[in-house]
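*Asks:* Fold the following for me, if possible:
(chains A and B)
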There are 2 protein chains.
Amino acid sequence: MKQNEPHPDRGTVSASKERLRLWLRLLKASRTVEAKLRENLRTEFDTTLPRFDVMAALARHENGLKMSQLSGVLRVSNGNITGIVDRLTEDGLMVRVPVPGDRRATLVRLTKRGQEEFERQAAAHETWVDFILSDFSADEAAELAARLDQMEEGVSE
Amino acid sequence: MKQNEPHPDRGTVSASKERLRLWLRLLKASRTVEAKLRENLRTEFDTTLPRFDVMAALARHENGLKMSQLSGVLRVSNGNITGIVDRLTEDGLMVRVPVPGDRRATLVRLTKRGQEEFERQAAAHETWVDFILSDFSADEAAELAARLDQMEEGVSE
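*Replies:* Model (predicted):
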């Protein structure tokens, strides 16, 4: 159902209260899960969620990304991307490489070691999420993901 | 189902991928909804989500809260609660009142005008959420809220 079509029970008091309750639960659940993942990244890999997100973005772009592209693909706007890139470079997980034909631009990409490290972290991350969301069967998870997608598209329109 | 009971399809690759996908959608959806609510609060009421959260906490505690209690009940830890309280006080929406028998402590509480303003904002906020989540029927919303609650309790344990 599209956002601009009237919903049969929209506007009734109880539906509106249930949706408000759902929103507050959704927000609380996503914050709790995020906090748990941050904690696991810190204790298991001595890393942070922004570092993990930067590595995930670069893992999807083997040929590297310009800094501006990196900001664009990250799901969280992060004022400190430069600092994160500096740290990952110092740790030997990323490199800055010149762009042929553009002397002012540099690409950043994962090193081989960075790729391997990210693969380990991503596998652990998936296991943690699998455990946290284990109440949801594969089918339920797929269905709910699709509903959330739909809802979110309505908001973004 | 409790976290510590094995789930029939936990650990299978497809279930794990679906749950990861669900988590990414959940995070994205909650960020999109939050951004929309922030935008609406700004354009409709010239206010912010942290200000709204502070007023919501005080609206639930008519007799007022100490600053330390206010930090405790807010769902987001906010380093700048003092700044928000200052601003709401200047705007005549909140007052600081002395605590009988404790000269060093003050309570903060909403003024009558603050209560009325918050009621208007809360009513609008509920309408926005009702619209955004209108794909979910009252029953679905209640069911999903309960599942998220359950999941979140598992994480917090």
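
*Asks:* How many residues are close by residue A:113?
*Replies:* 12 (other C-beta atoms under 10 Å in any protein chain shown). C-beta coordinates here come from the backbone N, C-alpha and C atoms, glycine included.

*Asks:* same thing with residue A:140?
*Replies:* 16.

*Asks:* Likewise for residue A:150?
*Replies:* Around residue A:150 there are 15 residues (other C-beta under 10 Å).

*Asks:* And for the helix or strand bottoming out on mean pLDDT in chain A, what's in contact with it?
*Replies:* Least confident helix or strand, chain A: helix A:67-73 with a mean of 84, by mean pLDDT, DSSP states H and E. The contact list for helix A:67-73 (C-beta atoms under 8 Å, 6 or more residues apart in numbering or on different chains) reads A:54, A:57-58, A:60-61, A:65, A:77-78, A:81-82, A:85, A:106, A:108.

*Asks:* Please export the C-alpha coordinates of it as CSV.
*Replies:* Extracted in CSV, the C-alpha atoms of helix A:67-73 (Å, rounded to 0.1, in the frame of the first residue of the first chain):
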residue,chain,number,x,y,z
MET,A,67,37.3,10.4,-0.5
SER,A,68,34.2,12.2,-1.7
GLN,A,69,32.8,8.9,-3.1
LEU,A,70,33.5,7.2,0.3
SER,A,71,31.5,9.9,2.1
GLY,A,72,28.7,9.4,-0.4
VAL,A,73,28.3,5.6,0.1
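
*Asks:* Tell me where chain A has helices.
*Replies:* A:13-45, A:49-59, A:67-73, A:81-90, A:112-132, A:138-156 (DSSP state H).

*Asks:* Deepest-packed of those helices, please.
*Replies:* helix A:49-59 (a mean of 20; mean count of other C-beta atoms under 10 Å in any protein chain shown).

*Asks:* quick one: average confidence on that helix?
*Replies:* Helix A:49-59 shows a mean pLDDT of 94.

*Asks:* Please apply the same query to stretch A:18-35.
*Replies:* Averaging pLDDT along stretch A:18-35 yields 94.

*Asks:* Contacts for that stretch next, please.
*Replies:* Residues outside stretch A:18-35 that contact it (C-beta under 8 Å, 6+ apart): A:49, A:129, A:132, B:23, B:26-27, B:29-30, B:33-34, B:75, B:125-126, B:129-130, B:132-134, B:136, B:138-139, B:141-142, B:144-145, B:148-149, B:151-152, B:155-156.

*Asks:* cool, stretch A:146-154 as well?
*Replies:* Residues from elsewhere that reach stretch A:146-154, judged by C-beta under 8 Å, 6+ apart: A:2-3, B:22, B:25-26, B:28-29, B:32-33, B:132-133, B:135-136.

*Asks:* For residue A:109, name its beta-bridge partners.
*Replies:* residue A:95 (DSSP bridges).

*Asks:* just checking, it touches residue A:59?
*Replies:* No. If you go by C-beta atoms under 8 Å, residue A:109 and residue A:59 don't touch, sitting 9.7 Å apart.

*Asks:* Quick check: can you list the domain ranges of chain A?
*Replies:* By the assignment in automatic domain parsing, chain A contains the domains A:1-46, A:48-126.

*Asks:* Now tabulate the ones you listed in JSON lines and tack on distance to residue B:102.
*Replies:* Formatted as JSON lines, the domains of chain A follow (distance: least, C-beta to C-beta, whole Å):
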{"stretch": "domain A:1-46", "distance to residue B:102": "33"}
{"stretch": "domain A:48-126", "distance to residue B:102": "40"}
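
*Asks:* out of those domains, nearest to residue B:96?
*Replies:* domain A:1-46 (28.3 Å; C-beta to C-beta).

*Asks:* Where does the prediction get shaky in chain A?
*Replies:* For chain A, the stretches with pLDDT under 70 are A:1-13, A:75-79, A:157.
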